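In: Please find the sequence and the predicted model below.
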Amino acid sequence: MEKKLSKHPNGRLPTKNVGLPADIPRTAESERLLRAEIALLMRNIATRTERYRREGFKMPFDRFATLCDDDAQLARRVLLASGWCPDDDGNWIIGQGLRDIDRALSWDLLGATIESILDDYRPIDDDHSRPIEQAA
């Protein structure tokens, strides 16, 4: 899908989003909203208090990916969108990365919150135990 430049003398770029290669047309908007909502949650956790905002947090990526329905791509996109960055030892950090994430929120509560967000955007059909789009 190629967008043409407008007839502007300087050759303006397209003003509409041309889409990302990983986006599937039928679920692109819901996946973007899912990533945005979990990213907002992670950003809010990291900036709750001034003290922890300065010291920052660290978190094992594998454990967070497990909370994200074992979707490593979703976990990576969420963390990048919320300001986290990878560290040497498989952890992801925000700020200085001095504190464990469970200082701000327990892993159980974080998992339950992410699960409820995932249920909103990726509902499961109880009859077939598959996502609704695949069950039809």
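Out: All right, it came through fine.

In: Next one: Ala75 from Pro86, what distance?
Out: Distance, Ala75 to Pro86, by Cβ to Cβ, to the nearest Å: 11 Å. All C-beta atoms are positioned from the backbone trio N, CA, C, and that covers glycine.

In: more crowded one of the two?
Out: Neighbour totals were compared for Ala75 and Pro86, and Ala75 leads with 25 against 13 (other Cβ atoms under 10 Å).

In: quick check, that one in a strand?
Out: No. Under DSSP: H, G, I helix; E, B strand; the rest coil, Ala75 sits outside any strand and is assigned helix.

In: Pull the contacting residues for it.
Out: 61, 64-65, 67-68 (Cβ atoms under 8 Å, 6 or more residues apart in numbering).

In: Thought Trp92 was touching Ala86, still the case?
Out: Not Ala; residue 86 is Pro. Yes. Using Cβ atoms under 8 Å, Pro86 makes contact with Trp92 at a distance of 5.5 Å.

In: Spit out the residues that contact those two alike.
Out: With Cβ under 8 Å, 6+ apart as the test, Pro86 and Trp92 both reach Phe61.

In: where in this structure is pLDDT low?
Out: 1-27, 125-136 (pLDDT under 70).

In: And the contacts of the longest helix anywhere in the chain?
Out: In the chain, with assignment by DSSP state H, the single longest helix is helix 28-46. For helix 28-46, contacts defined as Cβ under 8 Å, 6+ apart pick out 19-20, 23-24, 52-53, 56-57, 68, 74, 77-79, 81-84, 94-95, 101, 104-105, 110, 113-114, 117-118, 120-122.
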